[in-house]
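J.: predicted model, plus sequence, below.
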Amino acid sequence: MIRKALAARLYFRACCFVLYFAVAAASFNGYYNKWHFAETGASGEDDRFHFEMMVDGTAYRPYVYRQLLPDTANWLDRVVPHDAKTWLFNHDGIGTEAQQGAISDSPTVESTDYFFRYLVLYVATFLFALLAVYAMYMVCRTLEMPTPAALLAPAIVILMIPYFESEGGFFYDYPELAFSALAFWIALRFDWWWIVPVAILGTWNKESFLLFVLTLYPLLRRRGSRLGSWTGIAVLCFAGGAVHYWIRARFAHNAGGDMELHWRDQLNFFLHPWNALFSPETTYGVYGLKAFMLIPVALLVYAAWRAWPHLPRAIQRHGLIAATINIPLYLLTCWPGEWRNLSLLYIISLIVLGSCLGEWMSRSKAASVPLSS
């Protein structure tokens, strides 16, 4: 009996790995084919933050602040032996002796100066996509969602990421989702000090993670006093803020500013929405219109309306804090249609989606009629 139970668990986990590896790979491929890493000569190229500028530390602020993966790539580039990098360049299906590799269509990988660092970012971004799916699954299971709903909701969210990246996509989008889900899960299960390394890495990846930390207060409050919870938030913000201060000091002389303002563009969008909504874009290789995003956004709003009364009060407060912070900042500082910049709402979207799926599955099971023998 014990052996059968163990075999069943291993089979379930193996199936989960295959499913999540496939959806993470599909999502990453959708993002990469759409935007690459904004390198010179590829899709999504921009003279303010293309790949070469990001790893060389010459990108415009605030983009250059997102340094977790570039710093990792630069460090590995220094410590990995030159012969090993040369072998990879020539024999991994990417370099001059074989041109059929997954990233061979990027002009940047033809340069030995950037090839290895590009490969590191390519692999790391996919691994963070995979980590994000598992972290979201742990959130759903901790909230005691039915197993099918807990499995399906993270897969839907990760597959929607390339659609959220309608006006631009970046390698730090997947780590941001992974760190957000991890921090949320830890806040549900453990004491706040376990979140400290996540806060440090998450802010190193993108400075807006400090704002996500604020949304965790209702979850910490469930496990401790008001003073203890605010102390935890303060320490987490200090840890992440110290990292951000260090990064800002490194790139204080770069062009650009600490924040971009796009409220005029947002106003123009709301006055003339059809011009943007009916512009074309290609996602997952399918040519379509940007207006497609109105459908999943409307479905998420409906899911929130259905699930909201049934959510725990702490989850509701998390969602309200996230919306109160994120929506005004989106309208002030983000380009219209850049849905990915509503990233503080990713986790509450996951939860309301999983809750609705769980309710639907429960109703379907209750309404099903067994077959007669």
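T.: Perfect, thanks for sending it.

J.: how about the helices in the stretch 1-150 of the chain?
T.: 2-35, 51-56, 68-79, 82-91, 115-142, 147-164 (DSSP state H, counting those that start in this stretch).

J.: out of those, nearest to A304?
T.: helix 147-164 (13.4 Å; C-beta to C-beta). (Glycine included, C-beta is placed from N, CA and C.)

J.: which strands or helices does the closest one pack on?
T.: helix 2-35, helix 115-142, helix 173-189, helix 346-367 (3 or more C-beta pairs under 8 Å, 6 or more residues apart in numbering; DSSP states H and E).

J.: please name every helix or strand in contact with the third one.
T.: Using 3+ C-beta pairs under 8 Å, 6+ apart as the contact criterion, the elements in contact with helix 173-189 are helix 2-35, helix 115-142, helix 147-164, helix 196-205, helix 209-214, helix 217-223, helix 346-367.

J.: okay, the helices of the stretch 1-150 of the chain in CSV with mean pLDDT, mean neighbour count and distance to A242 next?
T.: Listed next are these as CSV, based on pLDDT from 0 to 100; neighbours: other C-beta atoms under 10 Å; distance: least, C-beta to C-beta, whole Å:
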stretch, mean pLDDT, mean neighbour count, distance to A242
helix 2-35, 90, 15, 30
helix 51-56, 91, 22, 22
helix 68-79, 95, 16, 15
helix 82-91, 83, 13, 33
helix 115-142, 95, 22, 23
helix 147-164, 94, 21, 29
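
J.: columns distance to Y217 on top of those helices, output as TSV?
T.: Converted to TSV, those look like this (distance: least, C-beta to C-beta, whole Å):
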stretch	distance to Y217
helix 2-35	30
helix 51-56	32
helix 68-79	24
helix 82-91	45
helix 115-142	17
helix 147-164	23
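
J.: quick check: buried residues in stretch 327-346?
T.: 329-330, 333-346 (16 or more other C-beta atoms under 10 Å).

J.: just the element for the nearest residue to R221 once chain neighbours are set aside, please.
T.: Once flanking residues are discounted, R221 sits nearest to S229: 4.5 Å by C-beta to C-beta, 6 or more residues apart in numbering. Counting by DSSP states H and E, the element that carries S229 is helix 226-250.

J.: after that helix comes which helix or strand?
T.: Following helix 226-250 in sequence order, the next helix or strand is helix 263-271 (DSSP H and E).

J.: any idea how many residues pack against F269?
T.: The number of residues packed near F269 is 17, by other C-beta atoms under 10 Å.

J.: so for it, what's the pLDDT?
T.: F269 carries a pLDDT value of 85.

J.: ok, the closest residue to it other than its chain neighbours - contacts?
T.: Leaving aside its chain neighbours, F269 sits nearest to P336 (3.5 Å; criterion: C-beta to C-beta, 6+ apart). With contact taken as C-beta atoms under 8 Å, 6 or more residues apart in numbering, P336 is in contact with E167, H262, D265, Q266, N268, F269, A276.

J.: also T215?
T.: H318, I321, A322, I325, L344.

J.: where helices are concerned, which of the residues you listed count?
T.: H318, I321, A322, I325 (DSSP state H).

J.: can you name the residues that contact the second one?
T.: The reference is to I321. I321 is in contact with L214, T215, Y217, P218, counting by C-beta under 8 Å, 6+ apart.

J.: check the last one too.
T.: Contact partners of I325, counting by C-beta under 8 Å, 6+ apart, are L211, L214, T215, L344.

J.: leaving out chain neighbours, which residue sits closest to T142?
T.: Going by C-beta to C-beta, 6+ apart, T142 has L188 as its nearest residue, at 4.8 Å.

J.: and what of L211?
T.: I325 (5.4 Å).

J.: got the helices and strands packed on helix 147-164 as a markdown table, with distance to N74 columns?
T.: Putting those into a markdown table (distance: least, C-beta to C-beta, whole Å) gives the following:
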| stretch | distance to N74 |
| --- | --- |
| helix 2-35 | 21 |
| helix 115-142 | 7 |
| helix 173-189 | 16 |
| helix 346-367 | 28 |
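
J.: figure out which of these is closest to E281.
T.: With C-beta to C-beta, the closest approach to E281 among the helices and strands packed on helix 147-164 belongs to helix 2-35: 7.9 Å.

J.: between helix 147-164 and that closest one, find me the angle.
T.: Compare the direction of helix 2-35 with that of helix 147-164 by axes from the mean of the first three to the mean of the last three C-alpha atoms, to 10 degrees and you get 10 degrees.

J.: quick check, distance from helix 2-35 to the centre of its chain.
T.: 17 Å (C-alpha atoms, centre = their mean, to the nearest Å).

J.: again, but for stretch 316-331
T.: Using C-alpha atoms, centre = their mean, the offset of stretch 316-331 from its chain centre is 17 Å.

J.: hmm, back to that, now for the contacts of I325: which two are most distant?
T.: The largest separation in those, counting by C-beta to C-beta, is between L214 and L344 at 9.1 Å.

J.: which residue packs closest to R117, ignoring adjacent ones?
T.: Using C-beta to C-beta, 6+ apart, the nearest residue to R117 is A73, at 4.0 Å.

J.: sorry, back to before: what sits against the residue nearest to R221?
T.: S229 touches W192, Y217, L220, R221, R223, counting by C-beta under 8 Å, 6+ apart.

J.: what two of those are the furthest from one another?
T.: Within the contacts of S229, two members stand farthest from each other by C-beta to C-beta: Y217 and R223, at 11.4 Å.

J.: these two - which one has more neighbours?
T.: Y217 (20 against 16).

J.: how about the more buried one: what's its closest non-neighbour residue?
T.: Per C-beta to C-beta, 6+ apart, closest to Y217 is I233, 5.4 Å.
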